[in-house]
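*Asks:* Sequence plus predicted model, see below.
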Amino acid sequence: MRLLYGDIKEMNKKDWHTADIIAALRKLGTTLAAVSRKEGLSSSTLANALSRPWPKGEWIIANNLGVHPSEIWPSRYFDENGQPIERIIRNNSSR
């Protein structure tokens, strides 16, 4: 199968599959649960970042893999035109 430049560009826009993230951690000799515990979280807490946006968890996973979170989850950081998505930071002081 011959890939064209546009095809490669499209492939790079897709989020990593959950199994690929877990496998990448395993290749480094660790697990998602171990990374979570190392960060002082419950062993299952980081799994939340695999299924829904959670910037703190995304950064923890990405740092352990040596990449920026936008490389793992481009859909969470860039719109369909490749423009950065502005993330709104919640103000917890009103609670």
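*Replies:* Yep, that arrived. Just so we're clear, the structure is a prediction, and the values are computed from it rather than from any experiment.
*Asks:* What helix or strand is Arg87 located in?
*Replies:* Using DSSP states H and E, Arg87 is not contained in any helix or strand.
*Asks:* Just confirm it contacts Pro55, I think it does.
*Replies:* Yes: counting by CB atoms under 8 Å, Pro55 is a contact partner of Arg87 at 6.8 Å. In this view, the C-beta of every residue, glycine as well, is placed from N, C-alpha and C.
*Asks:* Settle it for me: which of those two has more neighbours?
*Replies:* Comparing Arg87 with Pro55 by other CB atoms under 10 Å, the one with more neighbours is Pro55, at 13 against 9.
*Asks:* now that one: how far from Ala49?
*Replies:* Distance, Pro55 to Ala49, using CB to CB, to the nearest Å: 8 Å.
*Asks:* Tell me where the protein is predicted with low confidence.
*Replies:* Residue ranges of the chain with pLDDT under 70: 1-12, 93-95.
*Asks:* mind listing the helices for it?
*Replies:* Taking DSSP state H as the criterion, the chain carries its helices at 5-12, 18-27, 32-38, 47-51, 55-65, 69-72, 74-77.
*Asks:* Of the ones you listed, which is nearest Asn91?
*Replies:* Of all the helices of the chain, helix 55-65 sits nearest to Asn91, with 15.1 Å by CB to CB.
*Asks:* Would you indicate which residues of the closest one are buried?
*Replies:* Across helix 55-65, burial judged by 16 or more other CB atoms under 10 Å covers Gly57, Glu58, Ile60, Ile61, Ala62, Asn64, Leu65.
*Asks:* what does stretch 85-95 give?
*Replies:* So for stretch 85-95, nothing qualifies as buried (16+ other CB under 10 Å).
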